[in-house]
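A.B. asks: With the sequence up front, the predicted model follows.
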Amino acid sequence: MLSHLKIPFLVIELDPLKVDEIRKKEIPSLYGDVSNREVLIQAGISCASLFLIAVPDPLATRQAVTWARKLNPGIDIVVRAHSDYEVKFLKEMGISSIIQPENEASLEMVRHTLCRLGFPEEEAWKYINSQRTPAL
């Protein structure tokens, strides 16, 4: 989607096979661990405006956030989290936005249900958005 919208980005990926797949699609990518300071420096984190972290490992996520904040204190960070405990911890770290995939999937299912039951789409969106955790 970012490519389609011509928004520059770089993918950092730890799996070398996935890096090969990504590069075959001509998507800018870097092989490495997102929680590694040197990888973030090589990726240009110090001049990035936004950092999206979608790794499943909460410890790697926390370390990536810590390094990103040290290398670029003003960076906006969006993180994927899988548990309420992790959400709480990330909020304490000052994360800009925290996305919980399971919650988002549930909200989308409710939105579809409301629309199929005849609720106006605008009302369904209003209700769904009222149930989301507000961005920090």
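C.D. replies: Thanks, I have the structure now. Numbering: from 1, shown residues only.
A.B. asks: and stretch 76-83, C-alpha only, in PDB?
C.D. replies: Output in PDB follows, covering the C-alpha atoms of stretch 76-83 (Å, rounded to 0.1, in the frame of the first residue of the first chain):
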ATOM      1  CA  ASP A  76       6.400   8.700  15.900                       C
ATOM      2  CA  ILE A  77       6.100   5.000  16.700                       C
ATOM      3  CA  VAL A  78       3.200   2.600  15.900                       C
ATOM      4  CA  VAL A  79       3.400  -0.900  17.400                       C
ATOM      5  CA  ARG A  80       1.600  -4.200  17.200                       C
ATOM      6  CA  ALA A  81       0.900  -5.800  20.500                       C
ATOM      7  CA  HIS A  82      -0.800  -9.000  21.400                       C
ATOM      8  CA  SER A  83      -1.800  -8.700  25.100                       C
END
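A.B. asks: Using the three-state scheme, assign the nearest residue to residue 102 once chain neighbours are set aside.
C.D. replies: Nearest-residue entry for residue 102: residue 82, 7.1 Å, with adjacent residues in sequence omitted and distances by Cβ to Cβ, 6 or more residues apart in numbering. Every residue, glycine included, has its C-beta placed from N, CA and C. Of the three states, residue 82 takes coil under DSSP: H, G, I helix; E, B strand; the rest coil.
A.B. asks: What is the burial count for residue 82?
C.D. replies: 14 (other Cβ atoms under 10 Å).
A.B. asks: surely it meets residue 57?
C.D. replies: No: checked against Cβ atoms under 8 Å, the pair residue 82 and residue 57 is beyond contact range at 10.1 Å.
A.B. asks: show me where the protein has helices.
C.D. replies: Along the chain, counting by DSSP state H, helices occupy 16-24, 37-43, 58-71, 84-92, 101-116, 121-131.
A.B. asks: how's the chain carved up into domains?
C.D. replies: As given by automatic domain parsing, the domain ranges for the chain are 1-99, 101-136.
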